[in-house]
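Q: the following comprises the amino acid sequence and a computationally predicted model.
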Amino acid sequence: MTTDMEFAYTPRLAELRQQAQALAAVIAKYEDECEQGNGLGPDAHQAIREAVLAAGLQAINVPVRWGGAGLSVLEQVVVQDSLGSLTNALWDTVWRPANPLLACTPSQRERYLIPAVRGERRDAVAITEETAGSDPSAVRTTAVKDGDGYRITGNKWFVTVGDVADFLIVLAVAGPGDAPTLFLVDRDAPGVSIVRTPRYTHTFVYEHPEFAFDHVRVGPDAVLGGVGQGYELTRGWFTEERLMIAARTIGAADLLALLHRFPNVVLWLNGHTHTNAIRPRRDPADPARGFWEVTTCAVVDWPCQTRVVEILDHGEYLSIVTTMVDHDTPTGAASLETTDDLAALHRELAANIPWGTATLAGTPRDRNVELRVIPPFPLGRLSGADS
């Protein structure tokens, strides 16, 4: 017996897609402002908030009984697909509270989750540290018992939306058993501070600051989901976030169609795929035309590299010269006993080494090359890349 698979949108999914596309069209009007100002002003944020609420797409991952849109995972993917066409990460203005907040107690729900669903408060998740990235079991931030509460001490990196969030979801090891635990910490609590706000090569509507927690006192009611449940809740958040990133990446493909509408586009520089790659993007309607897409692997996660891009005018044609830059350290660390060994490991983890085993590094043709562009800007060929 065979069963046919139906990939067409149901009427409900088609309706959601239309709603999300209409909302994306409203938010897209702020792309230039975000690009030029490295963010948006309060008036723009307020206008977008009102548009999100009018569309009914606030907190799409939160049940209706708590004020969210209550969408299924598939329905959320459809919405994120459409929002992925927005540049400057403006999709993040359509707030979606971190799903560990679904573990809130009734009192926590009233204080944190429901206001976040309404867009009155904003959360930020503080997991990553200098020595703990995708592996949260390596966190060093501690929560030491202090009476009936805790004192949280440590530093967190890349706290996306941390510049506007008014409360943080902090992963720390708690108590004598170092139990991984999530804590709800108000941004204005004594001892919470922003150490610095790094600059990156992308424009993001929000920032990714580094936070310090200096013996921050929280009560027992700050524990989210129970002591020792931090890894499980964090894993659930990682899973949902990565799935929605994938959905937005698919939606970003719509951006290709938009770029092909403008014949003066010669280069699309991005870093959202975490790979080093250079590829031609031919116009499906006219294969003789198109532009170059240049992606860079790990500028945010492992900020030890950068990609320099220069556009040269040769008179009869243009060329794009792209060069990878990182620190000059021998590869293949034998141990981790010296600073050179640590720097070598850093390069490997950042996929800076094209001859290593990390496939994200790309080939030499994805790194230091010159790409030719001939008026009226069809794709050409020069050293280091195939057309």
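A: Noted; the coordinates are in hand.

Q: so how far is G175 from D146?
A: D146 sits 11 Å away from G175, going by Cβ to Cβ, to the nearest Å. Glycine gets a C-beta too; all of them are placed from N, C-alpha and C.

Q: please apply the same query to P136.
A: Relative to G175, and taking Cβ to Cβ, P136 is found at 17 Å.

Q: and P198, by the same measure?
A: Counting by Cβ to Cβ, the gap from P198 to G175 is 32 Å.

Q: go on, G154?
A: Computed with Cβ to Cβ, the distance linking G154 and G175 is 15 Å.

Q: same thing with T249?
A: Counting by Cβ to Cβ - T249 and G175 are separated by 40 Å.

Q: one more: I250?
A: 43 Å.

Q: same check, this time on L269
A: In terms of Cβ to Cβ, L269 sits 47 Å off from G175.

Q: returning to that earlier point: compare G154 and G175 (neighbour count), which wins?
A: G154 (22 against 14; other Cβ atoms under 10 Å).

Q: just list the residues touching the closest residue to the more buried one other than its chain neighbours, thanks.
A: Spatial nearest neighbour of G154, excluding adjacent residues (Cβ to Cβ, 6 or more residues apart in numbering): T141 at 2.7 Å. T141 sits next to E129, I152, T153, G154, N155, K156, V170, L171, A172, V173, F213 when contact means Cβ atoms under 8 Å, 6 or more residues apart in numbering.

Q: wait, isn't the fourth one in contact with V144?
A: No. Contact between G154 and V144 fails when scored by Cβ atoms under 8 Å: they sit 10.8 Å apart.

Q: backbone phi and psi for T249, please?
A: When quoted as degrees, to the nearest 10, the phi and psi of T249 stand at phi -60, psi -40.

Q: likewise for L269?
A: Per-residue torsions, L269: phi -110, psi 120 (degrees, to the nearest 10).

Q: so that it lines up with my notes, have the first residue be 7 from now on.
A: Yep, numbering from 7; the last one is L275 now.

Q: any figure for the gap between it and L107?
A: 35 Å.

Q: ok, what's across the strand from the closest residue to K162 other than its chain neighbours?
A: Nearest residue to K162, sequence neighbours excluded (Cβ to Cβ, 6+ apart): A132, at 3.9 Å. Bridge pairing for A132 (DSSP bridges) gives the partners V176.

Q: so who does A132 touch?
A: Here A132 is in contact with K162, V165, G168, L174, I175, V176, L177, F217 (Cβ under 8 Å, 6+ apart).

Q: try 6 Å this time
A: K162, V165, L174, V176, F217 (Cβ atoms under 6 Å, 6 or more residues apart in numbering).

Q: now list the buried members of those.
A: K162, V165, L174, V176, F217 (16 or more other Cβ atoms under 10 Å).

Q: avg pLDDT for stretch 81-98?
A: Averaging pLDDT along stretch 81-98 yields 94.

Q: list the buried residues of it.
A: 81-98.

Q: who's in contact with that stretch?
A: Residues from elsewhere that reach stretch 81-98, judged by Cβ under 6 Å, 6+ apart: 19, 22-23, 26-27, 30, 33, 37, 40-41, 66-67, 100, 209-211, 250, 253-254, 256-258, 260-261.

Q: pLDDT at the nearest residue to G368 once chain neighbours are set aside, what is it?
A: Leaving aside its chain neighbours, G368 sits nearest to N282 (3.4 Å; criterion: Cβ to Cβ, 6+ apart). Note on N282: pLDDT of 81.

Q: kindly indicate whether I200 is helix, strand or coil.
A: strand (DSSP: H, G, I helix; E, B strand; the rest coil).

Q: thanks a lot, catch you later.
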